[in-house]
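A.B. asks: Compute the structure for the input listed below.
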Amino acid sequence: MTTKFACSLKRIRFDENYQPADNTRLTTNFANLARGESRQENLRRTLAMINHRFNSLATVDNPKGDRYSLEIDIISAELDVEGNGQTFPFIEMLKSTITDHRTNQRIGGMIGNSFSSYVRDYDFSVVLPALGGKTDEKPENFGDLHGKLYQHLIHSEVFQAEFNKQPVICLSVSTSKTYYRTANVHPVLGVEYTNDEYSRTDEYFAKMGLSVRYFKPEHGNAPLAFYFAGDLLRDYTDFELISAISTMESFQKIYRPEIYNTNSPAGVVYQPSLNYADYSLTRIVYDRVERGELAVKQGKWTEENFIKPYSDILNEWAANFKVETIQQDQAA
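C.D. replies: Coordinates of the predicted model:
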């Protein structure tokens, strides 16, 4: 019998034949790429960008820049709130696997990368607008439930049986903050940037138990925000870090070319802006307006199908949730 709050995982290959499932989170950026007349060409070009970027960073014994390629799986996590077999699709991430074409070896890449969540859509597209979300106003418990659901997933037996490391989420930097280049240079992640205060997204991910650091990889135009638990620089291999950079920088060139596909890189003091005009477009069709509209629709759908019907159960569960309890149960 299924227990309450049981997690389950589904894995779908993201390749040129990828078809979004009927029940996928439609605001997911990679699902946006896979619809319409240009869908297969979009996917083919996106994967080629990712592979090219990976080889540009993995240069050792790779003179032609074609030694490696990435396979990407969409990992969809579902939650059974009541233990009755009815699941709610609440989080999606990506898992990459590297193929070394010289040795025919398959090497594990990063788990995490992109991050999609129905509850996050609800928080940012329903809760904040209702409370004046265009300002810095937000409720004191903003993101609490989402953070606990995320930690419940990554500490679950089903997740830990599949993945031996915690996810690293790699997102765009915030257009509302200014970033400052430091003297710290990592051999893979590149030049580190810092800022004076966390963005709302940074604070939201902190509720998930994740810290953030900002790095601009070699030949990149802008820093990426890396959200992680533990030690980003020591817990992951070079190939894992390169797989995250190549995957998410390529997606960001499509999603936010004004930041990541500019014709001039970020300087010592950097203010990201979607109004920046000196950038190049990729040849990949991406509907940013549709993505924004769907985020609101999916947030409202989450409210009606998850937040409201399970409110009493969710509130009681969240009030009693502790990561330490999960870890003690697993140790026993």
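
A.B. asks: Counting neighbours, which bits of the helix or strand containing I254 end up buried?
C.D. replies: Assessed by DSSP states H and E, I254 sits inside helix 238-255. Residues of helix 238-255 classed as buried: 239-255 (neighbour count, 16 or more other C-beta atoms under 10 Å). Where you see a C-beta, it was placed from the backbone N, CA and C, and this is true even at glycine.

A.B. asks: Can you report how many residues neighbour F306?
C.D. replies: 19 (other C-beta atoms under 10 Å).

A.B. asks: just checking, it touches S117?
C.D. replies: No - using C-beta atoms under 8 Å, F306 is not in contact with S117, being 11.2 Å away.

A.B. asks: Determine the residues that are contacts of both of those two.
C.D. replies: Common neighbours of F306 and S117, using C-beta atoms under 8 Å, 6 or more residues apart in numbering, are F90.

A.B. asks: Give the bridge partners for the nearest residue to V269 once chain neighbours are set aside, please.
C.D. replies: Leaving aside its sequence neighbours, V269 sits nearest to Y180 (C-beta to C-beta, 6 or more residues apart in numbering; 5.8 Å). Note on Y180: beta-bridge partners by DSSP bridges are T194, V269.

A.B. asks: can you pull the contacts of Y180?
C.D. replies: Applying C-beta under 8 Å, 6+ apart, the residues near Y180 are Y193, T194, N195, V268, V269, Y270.

A.B. asks: can you list the weak-confidence ranges in the protein?
C.D. replies: For the chain, the stretches flagged by pLDDT under 70 are 1-2, 16-17, 19-39, 132-138, 283-292, 324-332.

A.B. asks: Tell me where the stretch 51-200 of the chain has helices.
C.D. replies: For the stretch 51-200 of the chain, the helices defined by DSSP state H, counting those that start in this stretch occupy 118-122, 128-130, 144-154, 157-162, 200-206.

A.B. asks: In CSV: the ones you listed, plus distance to D73 and mean neighbour count.
C.D. replies: Shown next, in CSV, are those (distance: least, C-beta to C-beta, whole Å; neighbours: other C-beta atoms under 10 Å):
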stretch, distance to D73, mean neighbour count
helix 118-122, 20, 23
helix 128-130, 31, 13
helix 144-154, 16, 21
helix 157-162, 11, 13
helix 200-206, 22, 19
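
A.B. asks: how about those, which one is nearest I50?
C.D. replies: Closest to I50 of those, according to C-beta to C-beta: helix 157-162, at 22.1 Å.

A.B. asks: re the thing from before, between the helices of the stretch 51-200 of the chain, which gets nearest to H219?
C.D. replies: helix 200-206 (25.2 Å).

A.B. asks: Packing partners of that closest one?
C.D. replies: helix 144-154, strand 211-216, strand 224-228 (3 or more C-beta pairs under 8 Å, 6 or more residues apart in numbering; DSSP states H and E).

A.B. asks: now the shortest one against strand 211-216, angle please.
C.D. replies: In this case it means strand 224-228. For strand 224-228 against strand 211-216, the angle by axes from the mean of the first three to the mean of the last three C-alpha atoms, to 10 degrees is 150 degrees.

A.B. asks: partners of strand 224-228, with directions?
C.D. replies: By DSSP bridges, strand 224-228 pairs with strand 168-172 (antiparallel), strand 211-216 (antiparallel).

A.B. asks: I154: which of those strands is closest?
C.D. replies: Per C-beta to C-beta, nearest to I154 of these: strand 168-172, 11.2 Å.

A.B. asks: okay, the helices of the stretch 51-200 of the chain in a markdown table with distance to I169 next?
C.D. replies: Formatted as a markdown table, the helices of the stretch 51-200 of the chain follow (distance: least, C-beta to C-beta, whole Å):
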| stretch | distance to I169 |
| --- | --- |
| helix 118-122 | 11 |
| helix 128-130 | 20 |
| helix 144-154 | 10 |
| helix 157-162 | 15 |
| helix 200-206 | 7 |
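
A.B. asks: re earlier: most neighbours per residue, which of the strands paired with strand 224-228?
C.D. replies: Highest mean neighbour count among the strands paired with strand 224-228 (mean count of other C-beta atoms under 10 Å): strand 168-172, with a mean of 23.

A.B. asks: Pull out the CA atoms of it and give them to me as PDB.
C.D. replies: This file holds the C-alpha atoms of strand 168-172, laid out as PDB (Å, rounded to 0.1, in the frame of the first residue of the first chain):
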ATOM      1  CA  VAL A 168      22.700  21.500  -8.400                       C
ATOM      2  CA  ILE A 169      20.200  24.000 -10.000                       C
ATOM      3  CA  CYS A 170      21.700  26.400 -12.500                       C
ATOM      4  CA  LEU A 171      19.600  29.500 -13.300                       C
ATOM      5  CA  SER A 172      19.800  33.000 -14.800                       C
END
